[in-house]
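Chemist: based on what follows, work out the 3D shape:
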Amino acid sequence: MKTAPDRLRNLLILIGFCSIFFLECSKSDRSAQNLQSVVSDTENIRGKSIYLKTPYITAGDRVYMVGHQNGTFPDLGWHVTGEMGGIWNHPIKLMDGFTASVTVANQSACLTKADTFVNYPFANKHVFTTGLPGLKVERFQFVPDGKEAVVVEYTFINEGKDKLNIQFDFNGYTDLRPVWLGERTNMVDGPDVTTWDEASHSWIAKDSLNDWYVMFGAAMSPKSHQQKAITCDYKPQGKGVSASLQYELAIDGNSAISLSITISGSYKSKKDARKTFTETQANAAKLLLAKKERYKSIDSKTKLTIPDKNLEQAFRWTKYNTDWLIRDVPEIGRGLSAGAPDYPWWFGADSEYALKGLIATGQPELVKNAVEVVHKLSEKVNGNGRIMHETSTNGAVYNPGNINETPQFTSLVAQVYRWTGDKEFLKKYFPTLKKGLNWLLKENDKDGNLLPDGFGMMEIHGMNSEMTDVAAYTQKAFADAAELATEMGDKKLAQHYSSIADKLRIKINREFWVPESNSYADFIGTPRQAISLIDDAIIRADTLKKPWAVEELKAAKAKITSSKSNNKRGFVVHHNWVVNTPMETGIADTAKALSALQTASQFVNPFGAFVTGIDRDESAGKDERSVAGNNKVFTYTGAVMTLPTGVLAISENNYGRPDAALGYLKRMTKSFSFALPGSIYEVSPDYGMMAQAWNVYSYAYPIVQQFFGIQPFASKKLIRIQPQMPSSWNDASLENVIIGDNALDYTFKRNGKSIRLNLSQSQESWKLEIALPTAKFKNYQVNGKAVATKSNGTFDTIEVNGKINVVSAELK
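Modeler: Numbering: from 1, shown residues only. Here you go, the predicted structure:
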């Protein structure tokens, strides 16, 4: 009797045998003949035909590939104009892409017009009908974990009864060139040159000025090879070259055969490229299976089950999307890039949002590695605790840091520490936090009022005075730093930080609040600064044909000019999303918060919140169309984005309104699979980056930490659970929530009269502290026995430990 490992081993042998030697497997055996058989039981999402001319990503931590869903590789992107697609092995590009064609009886078809695109969590597929009698072609591809390689498998399907003899032409277009800002580290692009390697049946290309290599070919010996592309019209820009491979294949009727093309590269040596090529080609099925198993692990951690299956799927795929953005450059580190295709490098702010969500989805090592990358790059360029904003994968820093990124780093470290309890992690970064907070106020607060001056998240010209988000994140940073200082045993420093946090909370609520606007200010500045920004905003609103905004801005300007006061004060000009950060951080007074959230609800469309409120128009309430075709030149003007929407969800939850929070999550989820199946665009619904790191913050934080109310203190072996479920979620669960060395399973059930929490943890010595609103619940039980509670007037608290507990309470 064969064991499961025996069957798996035999399957892998069969896959490799069929792929390499072209055994003519029957149609009934087609599922066992190629790499696709490995993913036959894997969730996948089929794309929409109208989006075949939009990007996809075949993701990997070392190498990734970006093209269009129709199978082409057009020039795309703007950081390196037209070069952000293709195959990248950071800090270099390997190829602009490739073309392929099939010929049957002197009739040829280029595989450039896929009829269908299918996305898997860790791979993708294009389906071509070809138009040739009886022949369908499927192109399946994946990037192995940790490998500087991509595997592209073509499956040729004869749907007729008669044998088909076909010629298959594969044309590779190299473009060995440096990443954005390459010139800052003396990376100079030279023309590529190619050589044929008979032993491996492959082409090897080298940049003539550098030891940069790319290699491509199949295990099967081609009929011929030429030092230029011979089929399909494709002329990418750059200093690359093309080379072709031709294969002759015979396919019996109702049968299929597969051919795998391996593409490998190295920015160090030909030896490394060849080694990767050989290992990947020989072990493709095994590497795909390993990636499949790793993605099963991602799915199994913080596994969400809720009544809303669309949102449940979006949450699951957001975890996958985040993994797509891992960028590992060994010379620098392993971190989380911001977005694909144009932000495939590291950012301070993007990481600080994303990692606060990612830590709640069971990826502590990735989070720690990503924190280290941001820290390492920041120390290299600044060395004073200031956190950098944007760094390319060659280590060149573009922006040493906006003001908000330094306090946000403190709060990120605090969040990671709460989830991991890793004291060494805290010890490593605490000195930087102290330096950063010192820099924040000593170097950026000229008038000494505790409000740092400088750019925050809104990179609008002139918005560099005292910004709302900078103030809110600074307050949160000092409050978090006080908690961390206590953990470090420095009570005096903790008191100092706590005192600053308390003062800032009062100041923000007093000085940033603008009563006539029912909103916190965009910024605090002088009337002169405000008028300058208003003039610019009027031009913007008038250009975008937003008459209501022009009228409001002109009235605001008139009010300022009629006033005799020249004092600094808060101004609402753009209705930027950052005015909601006092609610996101929970420091807004409740009355102000509820009023401000009502105001914020006016600046939304069906997909979420506008980045800049004055961009809203009269159709905003019901317009669910694409936005991708609206701009000839890339711009964020008029953008609705997931981060502002997620911030509003978090804000609503902070003030006890989970139904409103869920409403924002549902808006975001309208963008899920809108253009790229399985992904949510940066700009809703289908514009900007096709995958965006901070989406995991916008989903995981409100769901895990607020709806389910999981608030960990891993250093104390304590988990506080304070649920506030949306009214439509009467049966919801999270499985395998990783907190320190503990794993928590948690099911919430509610009927008309009571709620029940089923709680199971792997470490029985950990304490669970369940907190429920005093005004809503009574008659508490643990494991069927009545228990007393501790009450602070707002919450009733029950403490339990042990591996399994059922906590119930009746509604009053």
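
Chemist: so what's residue 58 closest to, chain neighbours aside?
Modeler: In this structure, residue 58 finds its nearest non-sequential neighbour in residue 65, 4.1 Å apart by CB to CB, 6 or more residues apart in numbering. For glycine as for every other residue, the C-beta is placed from the backbone atoms N, C-alpha and C.

Chemist: for whichever strand or helix holds the one you found, which strands pair with it and how are they oriented?
Modeler: For residue 65, the host element (DSSP states H and E) is strand 64-68. When pairing is defined by DSSP bridges, strand 64-68 lines up against strand 55-58 (antiparallel), strand 86-89 (antiparallel).

Chemist: look up phi and psi at residue 377.
Modeler: Backbone torsions of residue 377, given as degrees, to the nearest 10, read phi -70, psi -40.

Chemist: centre-most residue in this structure?
Modeler: residue 693 (2.1 Å; CA atoms, centre = their mean).

Chemist: residue 87 versus that one, what's the distance?
Modeler: To residue 87, residue 693 is 21 Å away according to CB to CB, to the nearest Å.

Chemist: pick the most deeply packed of the strands paired with strand 64-68.
Modeler: For those, the largest average neighbour count (mean count of other CB atoms under 10 Å) is found in strand 86-89, namely a mean of 29.

Chemist: which elements pack onto the next helix or strand after that one?
Modeler: Next in sequence after strand 86-89, counting helices and strands by DSSP H and E, comes strand 92-104. Strand 92-104 sits against strand 86-89, strand 107-110, strand 135-142, strand 149-158, strand 164-178, strand 213-217, strand 255-266, with contacts defined as 3 or more CB pairs under 8 Å, 6 or more residues apart in numbering; DSSP states H and E.

Chemist: using CSV, write down the CA coordinates of strand 92-104.
Modeler: Extracted in CSV, the C-alpha atoms of strand 92-104 (Å, rounded to 0.1, in the frame of the first residue of the first chain):
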residue,chain,number,x,y,z
ILE,A,92,18.1,45.1,-11.5
LYS,A,93,15.7,44.2,-14.2
LEU,A,94,16.1,41.0,-16.2
MET,A,95,13.7,41.1,-19.1
ASP,A,96,11.1,43.4,-20.6
GLY,A,97,9.1,40.2,-21.3
PHE,A,98,8.6,37.6,-23.9
THR,A,99,6.4,36.6,-26.8
ALA,A,100,5.4,33.2,-28.1
SER,A,101,3.7,31.9,-31.1
VAL,A,102,2.3,28.6,-32.4
THR,A,103,2.2,27.4,-36.0
VAL,A,104,0.0,24.6,-37.4
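
Chemist: got the angle between it and strand 255-266?
Modeler: Angle of strand 92-104 versus strand 255-266, following axes from the mean of the first three to the mean of the last three CA atoms, to 10 degrees, is 160 degrees.

Chemist: out of the strands paired with strand 64-68, nearest to residue 613?
Modeler: Taking CB to CB, strand 55-58 is the member of these nearest to residue 613, at 29.1 Å.

Chemist: show me the shaky parts of the protein.
Modeler: For the chain, the stretches flagged by pLDDT under 70 are 1-33, 618-622, 629-634.

Chemist: check the gap between residue 591 and residue 292 for me.
Modeler: Noted for residue 591: a distance of 52 Å to residue 292, by CB to CB.

Chemist: mind checking which of the two has more residues around it?
Modeler: With neighbours defined as other CB atoms under 10 Å, residue 591 and residue 292 compare such that residue 292 has more, 18 against 9.

Chemist: surely the residue nearest to residue 58 touches residue 143?
Modeler: Yes. Applying CB atoms under 8 Å as the test, residue 65 and residue 143 come out as touching, 6.9 Å apart.

Chemist: could you dump the helices and strands packed on strand 92-104 into CSV with distance to residue 195 added?
Modeler: Output for the helices and strands packed on strand 92-104, formatted as CSV (distance: least, CB to CB, whole Å):
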stretch, distance to residue 195
strand 86-89, 19
strand 107-110, 26
strand 135-142, 25
strand 149-158, 19
strand 164-178, 12
strand 213-217, 10
strand 255-266, 15
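
Chemist: who wins for proximity to residue 735 among those strands?
Modeler: Minimum separation from residue 735 across those (CB to CB) falls at strand 135-142, 26.8 Å.

Chemist: output the closest one as CSV, nothing but the C-alphas.
Modeler: Provided in CSV are the C-alpha atoms of strand 135-142 (Å, rounded to 0.1, in the frame of the first residue of the first chain):
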residue,chain,number,x,y,z
LEU,A,135,-5.6,24.1,-30.6
LYS,A,136,-5.9,25.8,-27.3
VAL,A,137,-2.9,27.0,-25.3
GLU,A,138,-2.6,27.7,-21.6
ARG,A,139,0.3,29.7,-20.1
PHE,A,140,0.8,29.0,-16.4
GLN,A,141,3.5,30.7,-14.3
PHE,A,142,4.9,31.1,-10.8
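
Chemist: mind listing residues that contact it?
Modeler: Strand 135-142 has contacts (CB atoms under 8 Å, 6 or more residues apart in numbering) with 34-36, 58, 60, 65, 71, 100, 102, 104, 111, 114, 122-130, 150-159, 164, 166, 288, 291.

Chemist: buried among those residues? Make that a ChimeraX selection.
Modeler: This is the ChimeraX syntax for the buried subset of the contacts of strand 135-142, where burial follows 16 or more other CB atoms under 10 Å:
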select :34,35,36,58,60,65,71,100,102,104,111,114,122,123,124,125,126,127,128,130,150,151,152,153,154,155,156,157,158,164,166,288,291
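
Chemist: give me the common contacts of residue 65 and residue 143.
Modeler: 58, 150.

Chemist: could you pull out the helices for the stretch 601-750 of the chain?
Modeler: 642-654, 658-669, 695-700 (DSSP state H, counting those that start in this stretch).

Chemist: coming back round to it: most packed of the helices and strands packed on strand 92-104?
Modeler: strand 86-89 (a mean of 29).

Chemist: can you list phi and psi of the residue nearest to the centre of the chain for me?
Modeler: phi -60, psi -40.

Chemist: so who does it touch?
Modeler: Here residue 693 is in contact with 322, 325, 336-339, 350-351, 353-354 (criterion: CB under 8 Å, 6+ apart).

Chemist: mind checking which of these land in helices?
Modeler: Those of these mapping onto helices are 322, 350-351, 353-354, per DSSP state H.

Chemist: residue 674: which of these is nearest?
Modeler: Of all these, residue 674 sits closest to residue 322, with 18.4 Å by CB to CB.

Chemist: excluding chain neighbours, what is closest to the closest one?
Modeler: Of all residues not flanking residue 322 in the chain, residue 696 sits nearest, at 4.7 Å (CB to CB, 6+ apart).

Chemist: so residue 254 is in contact with residue 158, correct?
Modeler: Yes. Using CB under 8 Å, residue 254 makes contact with residue 158 at a distance of 6.6 Å.

Chemist: so which residues make contact with the strand holding residue 65?
Modeler: So strand 64-68 is contacted by 52-58, 73-74, 76, 84-88, 97, 141, 143, 150, 324, 340-341, 344 (CB under 8 Å, 6+ apart).

Chemist: picking that back up, can you tell me which of the ones in helices among the contacts of residue 693 is nearest residue 574?
Modeler: Using CB to CB, residue 353 comes nearest to residue 574 of the ones in helices among the contacts of residue 693, at 20.5 Å.
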